[in-house]
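Asks: Sequence first, then the predicted structure, then my questions.
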Amino acid sequence: MLDFLGDLRRTHMCGSLRGADAGRPAVLMGWVNRRRDLGNLLFVDVRDRTGITQIVFDKESSPSLHEKAGTLRNEYVIAVIGKVNKRDRNTVNKNIPTGEVELVAEELRILNDAKQPPFLPGDTALPNEEMRLKYRYLDLRRDAMQRNIELRHKVVLAIRDYLSSQGFFEIETPFMTRSTPEGARDYLVPSRVQPGCFYALPQSPQLFKQILMISGFERYFQIVRCFRDEDLRADRQPEFTQIDLEMSYPQPEQVWEVVEGFLTAAFRSAGFEIRTPFPRMSYDEAMRLYGSDKPDMRLPAMTDVREAFTAADFEKLGIDGALPLLAIRTPKVGRLSRKERDEDKELFGVHGQFNLIDIDRLEKSLPQATDYLKGMCSAKMDDLISIVGAKAGGAASLPGLCKMAGAYRLRLADKYRERHGAYQRTGDPAQDFRFLWVTDFPMFEYDDTDKRWVPAHHPFTSPHEKDMEKLESDPEAVRALAYDVVLNGTELGSGSIRIHRQDIQQKIFHALGMSEAEARARFGFFLEALEYGTPPHGGIALGIDRIVMILAGADSLREVIPFPKTARAVDLMVDAPTPVSEAQLKELGIQVKK
Ligand code: ASP
C-alpha cells in the first residue's frame, strides 16, 4: 500500500526534521492533529510519536492537492511527501521541537480516515478519566502519555542492562501457580482438567525466586507482573509490575548496593543523577522521628521537647511526661490566621489520648520553655511549630503517640505545601529525591481483627539471630532482617534476608499459629526444597509503576500503566471483568450463586 513512496522509501519522524536543511525531501506519516484553513494556504499539523510538524498546502502551486487537504479531518492517518522549508523568523513556533521547519506538501495520501473522536489527543484540556480509560488508544496518543510510556521503557531497559552487567539472569516464573502469601487476596484461575481445583496468580514470585537460589542461579531478577486482590488506591493496581531480585550469600548491604546501582541507572535514564549510598535508619528510629515506617525526609523530623519542661509544667499542661512531647516543625508557614489555626485543630481531630498544645498560648504561659523548645527543634521565625503529647492519665502507648503525631505532620505538610515548597522540584536531584533505607523491621504485627500475630513482611523473612529465642515468648520484640527502600515518603520496595533452614522455617510457621499439618499442606514443596542444601539468600522487590510515576511527576499509577484498571478493578476499554457463558462455567464445574 505504501509503494507510492518509491525512492523516498525512508520515512521521517516529525522529530527528525528538527533542524533539517531547507530543500530536503521528506516523507511524514502520522495523524492530523489540527488543520487551519487560511484561504490560499492550508496548514496541517501532523503528529507522530516524536512530535508535531506543520505541513503547508499552497493553493497556487497545487490547487488539487490543496483541495484534497481540505478534506482532512482530525485523526485521519496521512502520508505527505514534500520538501523541508525554514519558517520565517516571525512564524517560528517555539512550543514544539520542530517549530523552526515545515514541510511544503507535494503529494498527499490519506491512509485512513477517522470517526470524530470523543476527545482529541491534541487538546490541552483533558477529558474525564472514565473517558480516557474507555478510549485508552486515543488517550495514549496524547503527547504526555507517549512520553510516560517512553520513560517507562527507558527505565526498565536501564534496570535490565544494569542487573545483567552485575551477573543477574532474568528468569521467568509461572503465573498459574499456588498462593504466595503477601498479605492480599489471591486471584484464582479455575482448572478445567481438575474440576474444583484452582491456580492462584502470584502475589509475587517469592517462593520461586528462593527456589532459584536453591537451584544454583545465585543472582536472579525479573521484571514481573504480580497480582493482588486488595482495595485499590491511587498508588495500587490489581496487577502491577515489580523489579524482583534474589541473591545467594548476601549481607543486606549487598542487596542495598545492587538496588542503589539499578536505581542510579534508572534515574539517569530519566535525566537525574542521584546520590548513593542512601541514608539508613532503623524502623524504631523512623517511628520515633517521623511516626512512620516510610519517612518523608523532605521535611524536618519531629523532636522530643520534653527537656524544655519541668514536672510542674507537665502537670499544668495535663501532659504525660513519661512519653515524648513531640514538636512538629513545618517550615516557612508564617503567621497563621485565626481560621487557619482552627482548621489545624480540626485536622488534628479529637482524641481521648492525645493533646495538641497551642504554641501561642504556651508562649504566654511558659515563655522560657517555649523559647527553649524552639531552639531544640532549630525553629526559624516563620516556621510553624505544632506540639503533640499524650494526655496525663490516658492510656496512650509510645507507638500510638508517634504514629498519631507522624500522621498529623503529614497532614500539615500537605495543607501548607504551597508555603513550605518542599514538595516542589528544585532541579537538584539530591533534594528532590530523598531516598532512605528503613531497616530492622519487626518480624510480626498483631492483627486486631484476627487476634493473632501475622508476618510484618512475609513468613520467609529471617529473624535476627539474637532474637530467635523470643519467637514464642515475646514475638513483638523480634526484629527481622527486613528492609524497605523509601523515596519521598513512598515505599518503593521491600525485601529481606530469608530463612534458609527448614527447622527455622517450621518454627516461624509455628509462631504464626500454623500447625505442622497446615504448613505441610500449604508449603510442603518448599519445606522439602529447603532440606536439599539451601544456600543463605536474600532479595527485594520494587514497584516499577511507582518508580516511573515519581519520575514522570505523575500523581496516579494509571498515568504510567498503558492499560490500567479503575479503582473498582475494571478495565473500561475491554470491559473486564464480565460474566461468562453457562457452557464455560459448566466446563469448569462452577456454579455462580445469584
Ligand atoms: N516478595 C516481596 C514482595 O513482593 C519482596 C521480597 O521480599 O523480595 O513484597
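Replies: Structure received.
Asks: give me the number of residues near whichever residue of the stretch 51-200 of the chain sits closest to the ligand?
Replies: Of all residues in the stretch 51-200 of the chain, E182 sits closest to the ligand, at 5.2 Å by CB to the nearest ligand atom. C-beta coordinates here come from the backbone N, C-alpha and C atoms, glycine included. Counted with other CB atoms under 10 Å, residues neighbouring E182 total 19.
Asks: Now do the same contact list for it.
Replies: Shown here is E182, whose contacts under the criterion CB atoms under 8 Å, 6 or more residues apart in numbering are 203-204, 206, 226, 228, 458.
Asks: separation between it and G23?
Replies: To G23, E182 is 61 Å away according to CB to CB, to the nearest Å.
Asks: pLDDT below threshold where in the stretch 151-300 of the chain?
Replies: Residues of the stretch 151-300 of the chain meeting the criterion pLDDT under 70: 232-235.
Asks: residues in it within reach of the ligand, list them.
Replies: Near the ligand, the residues belonging to the stretch 151-300 of the chain are 182, 204, 206 when assessed by CB under 6 Å from any ligand atom.
Asks: Go through the contacts of E182 and flag which are in strands.
Replies: Members of those lying in strands (criterion: DSSP state E): C226.
Asks: Could you export the contacts of E182 as TSV, including neighbour count?
Replies: What follows is these, written out as TSV (neighbours: other CB atoms under 10 Å):
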residue	neighbour count
Q203	22
S204	21
Q206	23
C226	23
R228	20
H458	19
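Asks: got CSV for the contacts of E182, with distance to A554 too?
Replies: Shown next, in CSV, are the contacts of E182 (distance: CB to CB, whole Å):
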residue, distance to A554
Q203, 25
S204, 24
Q206, 28
C226, 20
R228, 21
H458, 29
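Asks: contacting residues around the residue of the stretch 151-300 of the chain found nearest the ligand?
Replies: In the stretch 151-300 of the chain, no residue comes nearer to the ligand than S204, which is 3.4 Å away by CB to the nearest ligand atom. Under the criterion of CB under 8 Å, 6+ apart, the contact partners of S204 comprise 180, 182, 226, 242, 244, 541.
Asks: Could you pull up the residues touching the first one?
Replies: Counting by CB under 8 Å, 6+ apart, T180 makes contact with 200, 202-207, 458.
Asks: Repeat that for the third one.
Replies: By CB under 8 Å, 6+ apart, the contact set of C226 is 182, 202-205, 239-242, 541.
Asks: ok, of the contacts of T180, which one's closest to L157?
Replies: Taking CB to CB as the measure, P205 is the one of those closest to L157, at 20.7 Å.
Asks: close enough to count as contact, the closest one and F227?
Replies: No. P205 is not in contact with F227 according to CB atoms under 8 Å; the separation is 11.2 Å.
Asks: Any residues of this structure in contact with the ligand? List them.
Replies: 182, 204, 206, 494-496, 539-541.
Asks: Apply 5 Å and report the result again.
Replies: Proximity of the chain to the ligand (CB under 5 Å from any ligand atom) is limited to residues 204, 206, 494-495, 539-541.
Asks: Quick one: these as CSV, columns for secondary structure too.
Replies: Rendered in CSV, the data for the residues of the chain next to the ligand read as follows (DSSP: H, G, I helix; E, B strand; the rest coil):
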residue, secondary structure
S204, coil
Q206, helix
S494, strand
G495, strand
G539, strand
I540, strand
A541, strand
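Asks: Please indicate which of those are buried?
Replies: Buried residues within those, counting neighbours by 16 or more other CB atoms under 10 Å: 204, 206, 494-495, 539-541.
Asks: Which of those sits closest to V580?
Replies: Ranking these by separation from V580, with CB to CB as the measure, puts S204 on top at 27.6 Å.
Asks: in the stretch 301-450 of the chain, what residue is nearest the ligand?
Replies: Among residues of the stretch 301-450 of the chain, the one nearest the ligand by CB to the nearest ligand atom turns out to be F441. It sits 11.2 Å away.
Asks: For burial, what's the neighbour tally of that residue?
Replies: For F441, the neighbour count with other CB under 10 Å is 23.
Asks: residue ranges for the strands of the stretch 251-400 of the chain, please.
Replies: Residue ranges of the strands in the stretch 251-400 of the chain, as given by DSSP state E, counting those that start in this stretch, are 280-282, 303-304, 326-330, 354-357, 384-390.
Asks: Surely P121 and D139 touch.
Replies: Yes. The pair formed by P121 and D139 meets the contact definition of CB under 8 Å, at 7.5 Å.
Asks: on that earlier part again, need the strands of the stretch 251-400 of the chain in CSV (columns: distance to R268).
Replies: Shown next, in CSV, are the strands of the stretch 251-400 of the chain (distance: least, CB to CB, whole Å):
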stretch, distance to R268
strand 280-282, 22
strand 303-304, 36
strand 326-330, 33
strand 354-357, 44
strand 384-390, 37
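Asks: So, low pLDDT: which residues of this structure?
Replies: Judged by pLDDT under 70, the chain has its weakly predicted residues at 1-10, 232-235.
Asks: max-length helix in it?
Replies: Across the chain, the helix with the greatest residue count (assigned by DSSP state H) is helix 143-165.
Asks: what lines up beside the following helix or strand past that one in the sheet?
Replies: Scanning the chain past helix 143-165 towards its C-terminal end, the next helix or strand to appear is strand 169-170 (assignment: DSSP states H and E). If you go by DSSP bridges, strand 169-170 pairs up with strand 219-227 (parallel).
Asks: Put together CSV for the strands of the stretch 251-400 of the chain, with mean neighbour count on each row.
Replies: What follows is the strands of the stretch 251-400 of the chain, written out as CSV (neighbours: other CB under 10 Å):
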stretch, mean neighbour count
strand 280-282, 17
strand 303-304, 20
strand 326-330, 24
strand 354-357, 20
strand 384-390, 24
